[in-house]
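Any chance you could fold what I've pasted below:
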Amino acid sequence: MRNMWLVARREFVGRGKSSGYLITTVFMAIVLLGVTLLPVMMEGGEKSTPLNVILLDKTGDIVQPLQAALEAMKSQPGAREVFLDVQQADEAALIEQIKKEDRGLLIVEGTFPTALKARFLSTSPAMLNGGGVVMGPLEGIVRAARLQARGIDPAVTQEIMQPLVTETLQITETGEGRTSEDFMGSMMTALGVVMVVYMVVMLNGQFIFMGVLEEKVSRVVEVMAASVGPAEMLAGKVIGLGALGLIQFVVIMASWVGGNVISAQISDQPMGGVTVTGALTAFAFLVLGYVLAAALNAAAASTVSRMEDQTAVAMPVQMVQVVPYLMVVAVIMNPTGQLAEITSMIPIFSQTVMVARVLMGPVPLWQILVSIALMAATTVLFLWGGGRIYRAALLSYGARPNMKQVLGYLRNK
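Next up is the predicted model:
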């Protein structure tokens, strides 16, 4: 037992001080912070910047009603301010002008209101996205004018043109209604937590793979084996690097949560919360997924005697961990679907799928417990098998063992 803790301390201190671990942790924290803040800051920057538009009204009937409509929009919450510059210059000259300036050009021509044509031109894609701020009111003006031309009373026309108040809600299994904004908040929460769990498990599993490989290739393991048994050596590595993985998880999650809090304040959108059940489920699968990945990587690395062979051995192990993550988006979009329910019960897949389901909405408790139990049983099985392969192959050198020899390691006590 004492040797196990010595190995754990060696792994914790040695790997914790390494530049690779520190750089990876800081880099992932910065990336997640940027991913959560950048879209909101860009959207908020666009909304806060006034839209500068040149208006070329060839009909002579649009300027005043459009100016009045844009003025009325200013009182609406979150509305983007529009500067309308009315000009009567040549169309080609105005196009040349907007090529030199960050402005839009609205050209209105035809017969008002029956046969009107409007074009919004700009050299900036961001400006084109903002064109709807002007085109929307213009469409309303034209429709109202057409109704009045048919002899409909202006008061009736105004009533007809009033927008319909709509509400879209998802009814959850508990009977609660969830808006699309709530769904987006939950989706971002699920994606963030699953991504952090995946990265921590994947990276620390690779640390174990490289640590075992380096010790074996450099023959340091032969010196350690004189006083430390293979089981203690493997357990110490798992515990030491697992503690580093937990610290990494907390740091990255703190960065992600901080970014989401700031984003929610900037955009006035609700931030998806994490229930106690969701937090406990994510932590359980983080621990089980890490131990499983550690056993798998340690066993795989122990079969390699040369650095040249590491890619051929590491690639299948990494693919086993990557495949479940590729299903996350499909599961998040339909967390109660048959695909989500089935895959959340399959070990390996459950460490991402079940976490995503729980964070997206209520999941029956029995499904969570069964999924964790199956994942725990699989982890114990991999730990047992990985331990046998690790013990048998750790001090074996020469050609990489084939599948028959690996199966022989599992059968031998």
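
Show me where the stretch 301-413 of the chain has its helices.
310-325, 328-333, 338-343, 350-360, 365-393, 403-411 (DSSP state H, counting those that start in this stretch).

Could you find the closest non-adjacent residue to T59?
Nearest non-adjacent residue to T59, counting by Cβ to Cβ, 6 or more residues apart in numbering: F112, 4.4 Å away. Just so you know, the C-beta spots here come from the backbone N, C-alpha and C atoms, and that holds for glycine as well.

If you could redo that for K237, that was the one I meant.
Closest to K237 by Cβ to Cβ, 6+ apart is E11, at 5.4 Å.

The one you found: neighbour count?
If you count neighbours by other Cβ atoms under 10 Å, E11 ends up with 23.

cool, L84 as well?
16.

Run through the residues that contact it.
Residues counted as contacts of L84 (Cβ atoms under 8 Å, 6 or more residues apart in numbering) are V53, L55, L66, Q67, L70, V134.

In PyMOL, how would I select the buried members of these?
In PyMOL, a selection of the buried entries from the contacts of L84 looks like this (16 or more other Cβ atoms under 10 Å):
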select buried, resi 53+55+66+70+134
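
would you list every one of the strands in the stretch 151-300 of the chain?
Listed in chain order, the strands of the stretch 151-300 of the chain (DSSP state E, counting those that start in this stretch) span 169-171, 177-179.

pLDDT averaged over the last one, what's the number?
This points to strand 177-179. Taken as a whole, strand 177-179 has a mean pLDDT of 66.

quick check, the residue nearest to K237 in a strand?
No. Going by DSSP: H, G, I helix; E, B strand; the rest coil, the assignment for E11 is helix, not a strand.

Tell me the predicted confidence for it.
79.

Please shift the residue numbers so they start at 8 in all later answers.
I'll keep to 8 as the first residue from here, and by that count the last item is E18.

Please report how far it lies from V141.
Distance, E18 to V141, using Cβ to Cβ, to the nearest Å: 62 Å.

and what of I355?
Counting by Cβ to Cβ - I355 and V141 are separated by 52 Å.

got a list of what the residue in the chain sticking out farthest from the centre touches?
No residue in the chain sits farther from the centre than G158, which is 54.2 Å out by Cα atoms, centre = their mean. Contacts for G158 (Cβ under 8 Å, 6+ apart) come out as none.

Let's have the helices of the stretch 308-420 of the chain in a markdown table, adding mean pLDDT and distance to G41.
Output for those, formatted as a markdown table (pLDDT from 0 to 100; distance: least, Cβ to Cβ, whole Å):
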| stretch | mean pLDDT | distance to G41 |
| --- | --- | --- |
| helix 317-332 | 81 | 20 |
| helix 335-340 | 84 | 20 |
| helix 345-350 | 88 | 29 |
| helix 357-367 | 87 | 22 |
| helix 372-400 | 86 | 32 |
| helix 410-418 | 70 | 43 |
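
List the contacts of E146.
By Cβ under 8 Å, 6+ apart, the contact set of E146 is empty.

Can I get the helix or strand that contains it in PDB, CA atoms only?
Applying DSSP states H and E as the criterion places E146 in helix 139-156. Below are the C-alpha coordinates for helix 139-156, written out as PDB (Å, rounded to 0.1, in the frame of the first residue of the first chain):
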ATOM      1  CA  GLY A 139     -33.400  42.800 -42.200                       C
ATOM      2  CA  VAL A 140     -33.600  45.700 -39.800                       C
ATOM      3  CA  VAL A 141     -34.500  47.900 -42.700                       C
ATOM      4  CA  MET A 142     -36.300  45.500 -45.000                       C
ATOM      5  CA  GLY A 143     -38.700  44.400 -42.300                       C
ATOM      6  CA  PRO A 144     -40.300  47.800 -41.700                       C
ATOM      7  CA  LEU A 145     -40.300  48.400 -45.500                       C
ATOM      8  CA  GLU A 146     -42.300  45.300 -46.100                       C
ATOM      9  CA  GLY A 147     -44.800  46.400 -43.400                       C
ATOM     10  CA  ILE A 148     -45.200  49.800 -45.100                       C
ATOM     11  CA  VAL A 149     -45.900  48.300 -48.500                       C
ATOM     12  CA  ARG A 150     -48.400  45.800 -47.100                       C
ATOM     13  CA  ALA A 151     -50.300  48.500 -45.200                       C
ATOM     14  CA  ALA A 152     -50.300  50.700 -48.300                       C
ATOM     15  CA  ARG A 153     -51.700  47.900 -50.400                       C
ATOM     16  CA  LEU A 154     -54.500  47.300 -47.900                       C
ATOM     17  CA  GLN A 155     -55.400  51.000 -47.900                       C
ATOM     18  CA  ALA A 156     -55.400  51.100 -51.700                       C
END
